[in-house]
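S.K.: Using only what follows, build the 3D model:
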Amino acid sequence: MNKNFTFAINSISFDENYQPKDNTRITTNFANLARGDSRQSNLRNALRMIDNSFNSLANWDNPKGDRYSLELEIISVDMDIEGSGEAFPSIEILKTNILDRQTNERIEGIVGNNFSSYVRDYDFSVLLLDHNKDQPKFSIPENFGELHGKLFKHFVNSEAYKQNFKKPPVICLSVSDNKVYSQTENQHPVLGVEYQPNESSLTEQYFKKMGLQVRYFMPPNSVAPLAFYFFGDLLNDYTNLELISTISTMETFQKIYRPEIYNANAVAGKRYQPNLKNADHSLTQIVYDREERSRLAIEQGKFAEENFIKPYQNVLEQWSANYA
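M.R.: Numbers count the residues shown, from 1 in each chain. Predicted coordinates:
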């Protein structure tokens, strides 16, 4: 049955003319920016912020700070379950490409960065909420994240992935506001100072089921650590320019969506607890509706339940049980 599980990979440029397709997950960072009256200035400003951040980190042989520009592609992964040609939009990630204006060379960056998935929306916004509706104490459903984790690993090991991407994905998320992070002695020239959390989070456990481990670093010029999820060896498997492409892209998104943490006016200290109520922060020139995003996550979770989880329940359970 495994052989009937196929992935189709589509790519669209994320530039100032980007318009979300009807079937894209509208909660994804980039889709949210590309809507409403300010869509073009939002996109232009976000892309300029990404380029400026990239050049300030890649500052060697770059006296004017304008040597590099990033080109971003939105990668959509559709999954065909029974070879029926009926594809379900399973995963959306972002790929970076680096343009070196000095040599006119295009350098492949990292795939992953942003991560969104309908099944994850279902897990967190439908299954987890329903499970805890009438419970006195918060708990996690049995096998939570198992199916999603196996689907993701299956995708990363697929021929479709290997034909399109040279290296495993790196996903970069914000830190959790209910954990405390302590600075370590470890420092990397590009990723910056490493932090360690006081405990594991539900997100960490969820991503672990996807085969990913996590490390937390605060890059130079940043005010808070970022969470980097990866396979293998984050510090040695990727070049400095590849890592910078992820940092500059994802920190820009976080400055827009989590300004209380990533656009705070004070830098994280040796012991750091992120605070989403921190009033001492600056706003970017970019319009964004945070409440709409939470509401849409629930809608999209229900879409996944109706169009994927329920109709294919038997097939998925059988596949998941046999997945090695």
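S.K.: Quickly find the element holding the residue nearest the centre of the chain.
M.R.: The residue lying closest to the centre of the chain (Cα atoms, centre = their mean) is residue 114, at 2.4 Å. Residue 114 belongs to strand 105-117 when assigned by DSSP states H and E.
S.K.: Any idea how far that strand is from the middle of the chain?
M.R.: Distance, stretch centre to chain centre, for strand 105-117: 10 Å (Cα atoms, centre = their mean, to the nearest Å).
S.K.: And for stretch 65-82?
M.R.: Counting by Cα atoms, centre = their mean, stretch 65-82 comes out at 12 Å from the chain centroid.
S.K.: Quick check: which ranges of this protein have low pLDDT?
M.R.: Filtered on pLDDT under 70, the chain yields the residue ranges 1-4, 20-38, 287-293.
S.K.: returning to that earlier point: I'd guessed the residue nearest to the centre of the chain sits against residue 253; true?
M.R.: Yes: here residue 114 reaches residue 253: they are 6.9 Å apart, a contact under Cβ atoms under 8 Å. The way it works is simple: take the backbone N, C-alpha and C, and place the C-beta from them, glycine included.
S.K.: that older thread, from residue 268, how far off is the residue nearest to the centre of the chain?
M.R.: 22 Å (Cβ to Cβ, to the nearest Å).
S.K.: Then residue 189?
M.R.: Counting by Cβ to Cβ - residue 189 and residue 268 are separated by 19 Å.
S.K.: Are we agreed that residue 171 is in a helix?
M.R.: No: counting by DSSP: H, G, I helix; E, B strand; the rest coil, residue 171 is not part of a helix but strand.
S.K.: so what's it up against?
M.R.: 93, 112-115, 207, 212, 228-230 (Cβ atoms under 8 Å, 6 or more residues apart in numbering).
S.K.: Could you rerun that using 6 Å?
M.R.: Going by Cβ atoms under 6 Å, 6 or more residues apart in numbering, residue 171 touches 112, 115, 229.
S.K.: quick one: which of the residues you listed has the most company?
M.R.: With neighbours taken as other Cβ atoms under 10 Å, the top of the contacts of residue 171 is residue 112, carrying 26 neighbours.
S.K.: you'd agree it is up against residue 169?
M.R.: Yes: contact criterion Cβ atoms under 6 Å: residue 112 and residue 169 qualify, at 3.1 Å.
S.K.: and residue 88, which of the three is it?
M.R.: Taking three-state DSSP, the label given to residue 88 is strand.
S.K.: Hmm, it is touching residue 309, no?
M.R.: No: taking contacts as Cβ under 6 Å, residue 88 lies outside contact range of residue 309: 10.1 Å.
S.K.: how about the helices of the stretch 201-324 of the chain, start to end?
M.R.: 202-209, 234-237, 240-257, 259-262, 290-304, 313-322 (DSSP state H, counting those that start in this stretch).
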